[in-house]
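Visitor: quick one: sequence and predicted model below, then my questions.
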Amino acid sequence: MSNPSSGFETQAIRTQAERSHYLEHSVPLYLTSSFIFEDAEDMRASFAEEKEKNIYSRFTNPNTSEFVEKICQMEGAPAGYAFATGMAAVYSTFAALLNSGDHIVSVGSVFGSTHTLFTKYFPKWNITTSYFDINKPETIESAIQPNTKILFAESPTNPAVDIIDLELLGEIARKHNLILIIDNCFATPYIQNPIQFGADLVIHSATKLIDGQGRVLGGIAVGREDLIREIYLFSRNTGPALSPFNAWVLSKSLETLPVRVEKHCENALKVAEFLESHPNVKQVKYPFLKSHPQYETAKKQMRLGGNIIAFEIQGGISAGRKFIDKIQLCSLSANLGDTRTIVTHPASTTHSKLTEEERLAVSITDGLVRVSVGLETVADVINDLKQALE
Ligand SMILES: *Cc1c(COP(=O)(O)O)cnc(C)c1O
């Protein structure tokens, strides 16, 4: 579809499904549930996978394949499969690769629904999980058991924006023969490529910065060919496929991913610097601020700091809620990675069901606020946060 030696932006724009006889410039939408065959032999050979042909859109579709190919190029991955949501990607990846009796070692601060999978659903199939503290990487190896099969992490984490050394995870995975899976959602393939540091698989929720405009849900897993083959076979039979319409939207979004992410990060750094200078703010965590505890690691493995900032308001839960109530321009919403800046208070919302002790174990203090910095005029975003802090 494209020249692998061309630049990131060129590939994001010029990788395109084959043109039809109409010679359209922009790729059309292939809203078709199935595809036709020439004759009985063509049909047999297609089902036997002797030919690379689209059969049914639960398996493959031209719009979905274009989206997958772009993410593979961006992540440096040989293969991939796209899903209806990020959680479908997370669930199907684990379900395809694990057997009853297998064990996962995961960073403690994972996305809420991923945590629910590990604690509520996987134990039904006798798949268990041990967690390690992201800020104590020296404890990872002691969590590994003889039946451990997968090492899983997110970096930066949600919502506390902690960072883990991906190269270290790669070394541990190789030493213990584990499959290293990284949820790379917060960084996007533009900022960080975990395969380069030893990851076997990379997962994204495409709902976030990949769509970037808060419109559609989507997910993807890319990486080692043999593992993706297992994930593909599981998914073609269980049905979590991305819709062609959403694939079309997401592939269009990827054309502007580099320019959008550059601007998101430029704005986020300015917002982070403002917050750090404000007397009512206790602590600011942003990967590219020198004060971030893992600043050196962030610089080593990330091209930019991302668009998510976590900060701590003086005065705990009630101060956090008051701050949220005073916000005017920014949105109060569960999404992130949108053009619109979004502010959330995890302790009173997404993580309110946890005890204070459980929250602290995943770095969520009572006054923690998460900001997903958007693409508005950055002075307007800063002014809104400023008036809400006072
Ligand atoms: C949002 C998110 C997911 C889940 O993605 P959906 O598209 O909402 O299903 C998984 N991991 C991380 C880190 C996320 O932020």
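Guide: Okay, I see it.

Visitor: which non-adjacent residue is nearest the residue in the chain positioned nearest to the ligand?
Guide: Using C-beta to the nearest ligand atom, Gly86 is the residue of the chain that sits closest to the ligand, at 2.2 Å. Glycine gets a C-beta too; all of them are placed from N, C-alpha and C. Among residues not flanking Gly86 along the chain, Ser205 sits closest, at 2.5 Å (C-beta to C-beta, 6 or more residues apart in numbering).

Visitor: my read: the one you found touches Thr85, true?
Guide: Yes - taking C-beta atoms under 8 Å as the definition, Ser205 is a contact partner of Thr85 at 7.1 Å.

Visitor: quick one, which of those two is more surrounded?
Guide: Using other C-beta atoms under 10 Å as the criterion, Ser205 and Thr85 rank with Ser205 on top: 27 against 19.

Visitor: in contact with the more buried one, which residues?
Guide: If you count contacts by C-beta atoms under 8 Å, 6 or more residues apart in numbering, Ser205 has them with 85-87, 89, 111, 183, 185, 218-219.

Visitor: same thing but 10 Å
Guide: With contacts defined as C-beta atoms under 10 Å, 6 or more residues apart in numbering, Ser205 is in contact with 83, 85-90, 111, 113, 183-186, 211, 217-220, 336-337.

Visitor: what about those, which are in helices?
Guide: Residues of the contacts of Ser205 located in helices (DSSP state H): 86-90, 113.

Visitor: what about stretch 129-147, how long is it end to end?
Guide: Terminal residues of stretch 129-147 are spaced 11 Å apart (C-alpha to C-alpha, to the nearest Å).

Visitor: what's the neighbour count on Ser201?
Guide: Slight slip there: residue 201 is Leu, not Ser. Neighbourhood size, Leu201 [other C-beta under 10 Å]: 28.

Visitor: nearest residue to it in space, please, no chain neighbours.
Guide: The shortest distance from Leu201 to any non-neighbouring residue, by C-beta to C-beta, 6+ apart, is to Gly223 (3.6 Å).

Visitor: isn't the one you found right next to Glu75, touching?
Guide: Yes - using C-beta atoms under 10 Å, Gly223 makes contact with Glu75 at a distance of 7.7 Å.

Visitor: the more surrounded of the two?
Guide: Per other C-beta under 10 Å, whichever of Gly223 and Glu75 has more neighbours is Gly223, with 27 against 24.

Visitor: now do the contacts for the more buried one.
Guide: If a contact means C-beta under 10 Å, 6+ apart, then Gly223 has 72, 75-80, 93, 179-182, 194-195, 199-203, 231 as its contacts.

Visitor: which parts of the stretch 201-350 of the chain sit against the ligand?
Guide: Taking C-beta under 6 Å from any ligand atom as the criterion, the stretch 201-350 of the chain approaches the ligand at residues 205, 207-208, 217, 219.
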